[in-house]
Each structure stands twice: as C-alpha cells, then as structure tokens.
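Colleague: With the sequence up front, the predicted model follows.
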Amino acid sequence: MNIPSAPPIFHRMTALADTTRSRVLLVLERHELTVNEIRSVLQLPQSTVSRHLKVLADHGWVVSRPEGTSRRYRMTDKLEPSTRRLWHLVREQVVATSAAAQDARRVQSVLAHRRTRSQKFFSSAAGQWDRLRGELFGSRADIMGFLGLIDESWTVGDLGCGNGQLSELIAPYAGSVVAVDDSPAMIAAARKRLVPFDNVSIRAGSLEALPIDDASLDVALVFLVLHYVVEPELAIIEAHRVLKPGGRLIIMDMMPHDRQDLADEMGHVWRGFSEDQLAGLLQSAGFPGWRYRPLPADASARGPTLFTLVARRTGIARPNELETDAAGKPAPFVLSA
C-alpha cells in the first residue's frame, strides 16, 4: 500500500514551527545579511544561527549567495501563493512580539555600522578622491558612462555626486543639475568645486530618501555610488519617483567581483552588481525594461570592470500590488544574487 507523501506546504510549516526561525525569516524578508550580522541581530551563537539557516534553506524559505569568504542570506521571493499566505499568518504573530521589535532595532544598528564604514572612508578621502577613483576606475570612466547627448533643456540629477566631478562635466550642457550626497565632507568639496555654475543645486541627502520633488528630473545618474548604498532597492525606487514620465535612469557601477580589499580600504558595501541582481529591483520600482552593458576596460585602471545600465520611466506609476511593511510603506524588493 502506497502512502501519499505530504504536500509541500507541510514541509514548509515544519521550518516555521520554531519561533527563532520565524524571527530570522522576518529579518531576512527586508534585508540581505551575513551570518555574523544575523547573529548580531538575534543575539545568538553563530552555530545556532547557521543551524537555523540550514533548516530554512532546506525547506525553501531562504536563499544565499557567496560574497568573498562569507555568504549573504535573504528570504526567497519565489513562494507559491499558498506558502506566501502561510508566511503572512505566521508573520502577523511574530511581528507583534517584543523580540521582533528588538530585532528591528538591532537591524538598524547593523545598517548603521555599514554606513559608518563608508562615511569613515569619505571623511578622510574627500581631498584626494579624484586620484583614488582615477587609480581605481580610470580618469575617463565618467565620460564613458554617457550613452547619449545631454539636452540643454534637461534637469539632470547627479545622485551620489561625491565631490562634484560629474556635475562639473554636466553643468555646461544641461539646463540644470541637482547634485545630492550624504557625506558632509563630499558636499563641502562639491560646493567649492561647483562655485562657477549657477545652474547647479547642491543638496544633502541619501539616495534612499532623495531631497527632490516627484517627477522633476529628465535624467537620474547614479555613477560609481550604488555599491556604497546600504539599501539599493530604496535608491532605485526613489530614482523612479523623481523621474518625469519618459525620464531615464543611468547607472554605472562595478560588475560582480571578488575584491575584499575594496570593502576593507574604501568602505564598499556591495561587490558589484549583475544584471540579474538589478532586474528585480528595477521591476519592483516600476521600470518596465532596461539595457545593461559592460564597459570597455581601462588599461590604466586597477579596479573591477564597469557596466552601464539605462532604464526609462513610463507614464505608469510604480506597481501598486506590492506588499506593505508594518508602517504601511511599500516593502522594497531585496537585492538578489
């Protein structure tokens, strides 16, 4: 007599039966974290965290990708409808606990630590940023990122403007430039550099919460900065918000690489981006299509190969079917491998 096997959802339920694993999943629903970061959030031994992650991975709840000598984990986005409903029921119970509230606060500490690493580098590097970036990527990398002509009527956003090098190149050709950065040292350097241009507005702010009005940019440029952004998904959502219908987002950054020294020396948060990694972020933000291309290598550069990505905003708003978080805000897509 053949005994029928249990439906897949019952195997999924087994993994969620432990409250600690449900807490892990709640954290990984919004953030991609390493084992050590998860350990810091849950205040548990690394061996315990690794054991719970294995159970969640074996039952199809989480996926991971290698990054250097560690791995980054996130909740999978490929859940069948019945399993997603199961998670929503469990999530409703877990999110109301005091443990989940503490986990959320510690997640912010983990993200703040990532930011501190980048800010520490920028505080000391503003004066020599041209040389450092030139040695790493080549002195003409910004020019290579332009795939089209700049129209004199355009309002161009230089998002993550650094010391203003790119804005300096754009300003003579564009109608106006909005330069944004969250490093006080870089903002000071940009103000000094861009004094000759009266069509450049320099603003302090993060890429995840841009100080720019809705639908006000013709072009949004994110050049050699996305690998410093703690939550790239929010940065792309914001870029979509500030673009006019028909406006273009142009990203230039590193392709995936294995250079741990860049994280240690220059505070990089991410080791480059593949087209597959960015695809989900762009779709969730509301961009219907994009073009991703590697750039020719600069023989004098010692850094990883670069890519350029171009996406156009349509007249359609960001998809409204996205789930919301506890505060009622759209839940961003988590960066995937």
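Modeller: Here it is on my side, so go on.
Colleague: So, low pLDDT: which residues of the stretch 151-300 of the chain?
Modeller: Counting by pLDDT under 70, the stretch 151-300 of the chain contains low-confidence residues at 299.
Colleague: all helices of it, in order?
Modeller: Taking DSSP state H, counting those that start in this stretch to define them, one finds helices in the stretch 151-300 of the chain at 165-170, 184-193, 232-242, 260-266, 275-285.
Colleague: For the shortest one, name the packing helices and strands.
Modeller: Contacting helix 165-170 under the criterion 3 or more Cβ pairs under 8 Å, 6 or more residues apart in numbering; DSSP states H and E are the following elements: helix 141-145, strand 155-159, strand 176-181, helix 184-193, strand 217-223. All C-beta atoms are positioned from the backbone trio N, CA, C, and that covers glycine.
Colleague: what does the second one give?
Modeller: Secondary-structure packing of helix 184-193 (3+ Cβ pairs under 8 Å, 6+ apart): helix 98-125, helix 165-170, strand 176-181, strand 200-204.
Colleague: Turn the helices of the stretch 151-300 of the chain into JSON lines, columns for mean neighbour count and distance to Glu32.
Modeller: Listed next are those as JSON lines, based on neighbours: other Cβ atoms under 10 Å; distance: least, Cβ to Cβ, whole Å:
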{"stretch": "helix 165-170", "mean neighbour count": "23", "distance to Glu32": "28"}
{"stretch": "helix 184-193", "mean neighbour count": "18", "distance to Glu32": "26"}
{"stretch": "helix 232-242", "mean neighbour count": "24", "distance to Glu32": "10"}
{"stretch": "helix 260-266", "mean neighbour count": "15", "distance to Glu32": "15"}
{"stretch": "helix 275-285", "mean neighbour count": "19", "distance to Glu32": "10"}
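Colleague: As TSV, those with distance to Gly157 would be great.
Modeller: Below are the helices of the stretch 151-300 of the chain laid out as TSV (distance: least, Cβ to Cβ, whole Å):
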stretch	distance to Gly157
helix 165-170	10
helix 184-193	14
helix 232-242	6
helix 260-266	24
helix 275-285	15
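Colleague: before we move on, the earlier item: with respect to burial, which of the helices and strands packed on helix 184-193 scores highest?
Modeller: Neighbour counts (mean count of other Cβ atoms under 10 Å) averaged over each of these peak at strand 176-181, with a mean of 26.
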